[in-house]
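Student: Predicted model follows, preceded by the sequence.
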Amino acid sequence: MKTNINIGTLAGGAVGERLNIELQKVAENILDPNTEWKKARKVTLTITLKPDEEREIALVGVDVKTTPAPAHGIATKLIFGVEGNGNVVAAELASGMKDQMMIDNDGDIADDKGNKVSYLERKQSQGGN
């Protein structure tokens, strides 16, 4: 006896629909620039059949699982220091090097943490009056 089961119409078409939903998730993950292009993505379709004692009817369970590529990790640098009162402080390093001034995206001068620095503050930090 030959089986006559079509995955596209199984469970009233719900299995094919679920498979398409998961394939769409994989397609979106492939196009996401925050994921590694080399990683393989996987869609797993598991069909579980549990027959009755007479072996004439089986309960069928269908699970569709997607394994996308994870997003890239994010790295940055922090700088640490101690305030005059002894409290430890930390901030993200924006300039690339500790204590290095920079020009921010607005074209203004900023400290190593990206905070804008006024003309007066620059002059004082250079030892001028």
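Tutor: Done, it's in.

Student: give me every residue that touches residue 72.
Tutor: Residues in contact with residue 72 (Cβ atoms under 8 Å, 6 or more residues apart in numbering) are 34, 35, 36. C-beta here means a position set from N, CA and C on the backbone, and glycine is covered the same way.

Student: how does it look with 10 Å?
Tutor: Neighbouring residues of residue 72 by Cβ atoms under 10 Å, 6 or more residues apart in numbering: 32, 33, 34, 35, 36.

Student: ok, now residue 36?
Tutor: 69, 70, 71, 72.

Student: rewinding a little: for the contacts of residue 72, pick the one with the most neighbours.
Tutor: residue 35 (17 neighbours; other Cβ atoms under 10 Å).

Student: Residues in a beta bridge with that residue, which ones?
Tutor: Per DSSP bridges, the residues bridged to residue 35 are residue 71.

Student: And residue 82, by the same measure?
Tutor: Bridge pairing for residue 82 - DSSP bridges - gives residue 88.

Student: Could you count how many residues lie near it?
Tutor: Neighbours of residue 82 (other Cβ under 10 Å): 9.

Student: try residue 15
Tutor: 19.

Student: do residue 31 as well
Tutor: 9.

Student: Can you pull the domain assignment for the chain?
Tutor: Using automatic domain parsing, the domains assigned to the chain come out as 10-67, 78-125.

Student: Now do the strands in this protein.
Tutor: For the chain, the strands defined by DSSP state E occupy 42-51, 58-67, 78-82, 88-92, 102-103, 109-110.

Student: Could you dump the ones you listed into TSV with distance to residue 14 and mean pLDDT added?
Tutor: Output for these, formatted as TSV (distance: least, Cβ to Cβ, whole Å; pLDDT from 0 to 100):
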stretch	distance to residue 14	mean pLDDT
strand 42-51	12	96
strand 58-67	8	96
strand 78-82	50	86
strand 88-92	48	86
strand 102-103	57	78
strand 109-110	57	84
